[in-house]
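*Asks:* got a sequence here, can you model it:
(2 chains)
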Amino acid sequence: MDTLYSIFVEPFRQIAEAPLFFFEVLIGGLAAGVMYALVALGFVLIFKASGVFNFAQGAMVLFAALFFVGFIDLGLPIWLSLIITVMVMVALAFAIERVVLRPLVNQAPIILFMATIGITFFLDGFGQTIWGSDVRRLDIGIPEDPIFIGDMLLNSFDLFAAAVCGVLVAGLALFFQYTPTGRALRAVADDHQAALTVGIPLNVIWTIVWTVAGLVGLVAGVLWGAKLGVQFNLALIALKALPVLILGGFTSVPGAIVGGLIIGGGEKVAEVYWGPVIGGAIEDWFAYMLAMVFLLFRPEGLFGEKIIERV
Amino acid sequence: MIYRETGQFRTSYAADQAIFPIRQDRIGIAVILLIAFVVIPATASQYWLETIMLPFLIYGLAAVGLNLLTGYAGQLSLGTGGFMATGAFAAYKLATAFPELHIVVVLLLAGLITAGVGILFGLPSLRIKGFYLAVATLAAQFFLLWLYNRVPWFTNYSASGVISAPPRAIFGEVYVTGFEAKPLAKYFFVLSAVALLALLAKNMVRLKIGRAWMAIRDMDIAAEIIGIRPLTTKLSAFAISSFYCGIAGALWAFAYTGSVEALAFDINVSFRVLFMIIIGGLGSILGSFLGAGFIVLLPIFLNNALLSLGLAEAVALASHIEFMIMGALIIFFLIVEPHGLNRLWQIGKEKLRRWPFPY
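*Replies:* Got it, this is the predicted structure:
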C-alpha cells in the first residue's frame, strides 16, 4: 500500500506542491533532450539517405570532439581548429564511403550495421591513440551562468545549446528544401533506384550525407564536450540517442527532435520523482522502457513512415 | 576427391535424415570430439584450459543461442548480455537458496527462468521488426543489468554486488565450481554441456520448429499465410535462445570466473556475441563456434603481438591500438566474406570435392 502510494500519489502531490521546481526539472531534462536529439539527427540523416543504421554516430561525436579539443590544446585558435576538424570529418566521410560502404553495397542491412560497429571500434581506438584517453576540458566561451526567468532558475548553457540546435535544424531544413544537393538527397531518401535513374550519383550523395552527419556530430561533440569535458563517455551518448530514434521514427528529422525532448524531459522527471521509490539511477533504462512501451502502440515511431508489408 | 559422397547409398529414411549424412562429415565430427575430449585435456596447459578454452566454449554456447534467434528466426537482439546475466543470477539464487539441489538441475532451472524472461522481452517482437526490435531489446539489456546491480536481493545482500559461485560437485566428489574445482573438471563439465546443447540445437533447427523459424525469418507474412503462428514461433525462438544464453551466463559465473558482478555482462558482451555470429555465419551452428573462436582468440593474439613489439609499458595505448585493429579487421572480414567463416568452410568443401582435378 505504501509502495503504491509512493508511486501513484506522492510524486503528483510533490509536483502540485512545488510546480516551479517541477518546471525547472522538466526544462533541464528538455535541454538534455535537445542534446540527445543532436546525436539522433546524425543517425536519421544517414538512415534516410542510405538505409544504413549508423551505430558509429556516437563514435563520430567523440572523434570530432577529440580532434577539436586536441587542436585547441596544441595552441591553435578556435576558428582554425574548427576548420581543420571540419576537414577531418569530410575526409572521414570520404574514407568511410570509399573503404566501407562501396564494397558492401547491396549487402543485408545487418551486415552494414555490423560494419558501422566496426567503424565505431576503429574510431574510438584511433581517436584515443592519437589524443590519449584523459578527460580534456573544452572551454569555448559558452556562458554557464544561471539566469532567472520569472522565478525559475535556468542554466544559460542549456538555452545556448537549444538555440544552436534550433539554428542547426533550421539550416538543415533549408538545405534540404532549397538547394539542388538537398533535393537530390531527398530524392535518394525516397527511392534509390528512381534517383539513380534520373542521374543522381549515389556515391556522391552518400559522401555528402556522411559529411553532414559528421558535422552534426561535431556540433554535438562540442556542446557535450563543453558540458561534460571531452572523454570516452561521449561515445556512450549514442546509446541514449537510440531510444530517441525509435520514439521519433528512424526516418524523420522532426521526429528526432520531438523524440529527444520527450526522452530527455521524461527521464529527468522520472528520475527525480519516481527514482527514489524504486532504487535510483533509473535514467539508464527508463528511456528504453518508455520507447519500448511506446513502440507497442506505434511500431513505426511517432513520425516514421508507415510500414507497409507485402508478400 | 577426398570429400565426396559417391558410393554412399542411403537405403532407409532414417539414414536419409541423419544429421551428418556424409561419411566424411561423421569422421570429421568424431575427430573434433576426440580432440576436444581427449587430446586437449591431455596436452593443454592450465592456462590454455582456463583462459582460452573455457571462454571459447561458453561464448560459443551463447553464440549458438543468439544464432537460433537472429540467424534462424531473424529477430535481431542486442539483449544477450542481459539474458546471460539473468542466467548467472538465477543460478546463484537457486544454488544458495537450495544448497542440496544438484548443479545440473540448477543450471537447467536457471536456463528455464531465463527463457521466461526472454519470452517477456520477446513480446514486442510481435509488433516490432528489424532495427526497431534491436533497440527495444536494448531495453532488456539495460533494465536487467540495472535490476541485478541495484536490487540487493539478487546478490544475497553482498556489499560489493559481486556473487561468488558456491562449490558444487558432480558424481559425489568431483568439484566443478568453487575454489576447489580443478581446471580439468571444469573443462569437462563445460565441454559436455556445450556439446550436448549444440547437438540439441543442430537437431532443433532441422525439426518443425526450426523450419518455422526460418520461414518467419525469410518472410513473416508469407509464413503466416501458410499456417505458421507468428506468436508461438517468435516467442519460442526467444525462449530457446534465452535458455541457451542463460545457461552460458550461469556457466560463465560458475565455471569460468567463479565470482562475477552484473556489470560483467554489459552491452559489450551483447556486441561481442553478435560479432561472433556475424563473423561465424548467420544461421549456422558450426559458424557460431568458428566466430566464437575468432573473437576470443583475436584479442589475445593482438595483445601478444603488441607486447612483443615492445608496447608493454604503454598499456592504455596498446588497448586503443587493439580496439583499432579489431574494428578494422571486422570491417575487412565483412567486406571479404559477408556470410561469415561458415561460408568459407562450405566453399572449401566444394573445392575438396573435385580436388585435385579441375572439374
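*Asks:* alongside chain B, which residues does the stretch 101-250 of chain A contribute?
*Replies:* Contact residues, the stretch 101-250 of chain A versus chain B (Cβ under 8 Å from any Cβ of the partner chain): A:103-104, A:107-111, A:113-115, A:117-126, A:128-129, A:132-133, A:239, A:242-243, A:245-246, A:250. Every residue, glycine included, has its C-beta placed from N, CA and C.
*Asks:* show me the strands in chain A, by range?
*Replies:* Applying DSSP state E to chain A gives strands spanning A:146-149, A:152-155.
*Asks:* dump those into JSON lines; add mean pLDDT, distance to residue B:61 and mean neighbour count as well.
*Replies:* Compiled in JSON lines, the strands of chain A are given as follows (pLDDT from 0 to 100; distance: least, Cβ to Cβ, whole Å; neighbours: other Cβ atoms under 10 Å in any protein chain shown):
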{"stretch": "strand A:146-149", "mean pLDDT": "70", "distance to residue B:61": "54", "mean neighbour count": "10"}
{"stretch": "strand A:152-155", "mean pLDDT": "72", "distance to residue B:61": "49", "mean neighbour count": "15"}
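*Asks:* picking that back up, please list only the buried members of the residues of the stretch 101-250 of chain A next to chain B.
*Replies:* A:104, A:107, A:110-111, A:113-115, A:117-126, A:128-129, A:133, A:239, A:242-243, A:245-246, A:250 (16 or more other Cβ atoms under 10 Å in any protein chain shown).
*Asks:* so, low pLDDT: which residues of the stretch 1-150 of chain A?
*Replies:* Applying pLDDT under 70 to the stretch 1-150 of chain A flags the ranges A:1, A:141-144, A:149-150.
*Asks:* kindly list the longest helix within the chain.
*Replies:* Reading this off chain A. When chain A is parsed with DSSP state H, its longest helix is helix A:19-50.
*Asks:* chain B, not that one
*Replies:* Chain B, longest helix under DSSP H: helix B:285-308.
*Asks:* chain A: helices as residue ranges?
*Replies:* Under DSSP H, chain A gives helices at A:2-8, A:10-17, A:19-50, A:57-73, A:78-95, A:109-131, A:156-178, A:180-190, A:192-197, A:202-228, A:237-248, A:253-269, A:275-278, A:283-297.
*Asks:* what pLDDT does the model give residue 276?
*Replies:* You didn't pick a chain, so chain A it is. Per-residue confidence at residue A:276 stands at 74 (pLDDT).
*Asks:* actually chain B
*Replies:* Residue B:276 is given a pLDDT of 90.
*Asks:* now it. Nearest residue, chain neighbours left out?
*Replies:* For residue B:276, ignoring the flanking residues on the chain, the nearest one in space by Cβ to Cβ, 6 or more residues apart in numbering or on different chains is residue B:291 at 3.6 Å.
*Asks:* also residue B:137?
*Replies:* Excluding its sequence neighbours, the residue lying closest to residue B:137 (Cβ to Cβ, 6+ apart) is residue B:79, at 4.0 Å.
*Asks:* name the helices or strands packed onto the helix or strand where residue B:30 lies?
*Replies:* Using DSSP states H and E, residue B:30 maps to helix B:23-34. Contact partners of helix B:23-34 among helices and strands, from 3 or more Cβ pairs under 8 Å, 6 or more residues apart in numbering or on different chains; DSSP states H and E: none.
*Asks:* now the angle from that helix to helix B:285-308?
*Replies:* 50 degrees (axes from the mean of the first three to the mean of the last three Cα atoms, to 10 degrees).
*Asks:* hang on, the earlier thing: quick one, what contacts the residue nearest to residue B:276?
*Replies:* Each residue near residue B:291 by Cβ atoms under 8 Å, 6 or more residues apart in numbering or on different chains is listed here: B:63, B:275, B:276, B:277, B:278, B:279, B:280, B:281, B:340, B:341.
*Asks:* contacting residues for the closest residue to residue A:154 other than its chain neighbours?
*Replies:* Closest residue in space to residue A:154, ignoring its immediate chain neighbours: residue A:147 at 5.7 Å, by Cβ to Cβ, 6+ apart. Listed by Cβ under 8 Å, 6+ apart, the contact set of residue A:147 reads A:153, A:154, A:155, A:156, A:159.
*Asks:* residue B:184 too?
*Replies:* When contacts are counted by Cβ under 8 Å, 6+ apart, residue B:184 touches B:41, B:49.
*Asks:* same question, the one 5 residues further on
*Replies:* Residues touching residue B:189, when contacts are defined by Cβ under 8 Å, 6+ apart, comprise B:170, B:176, B:255.
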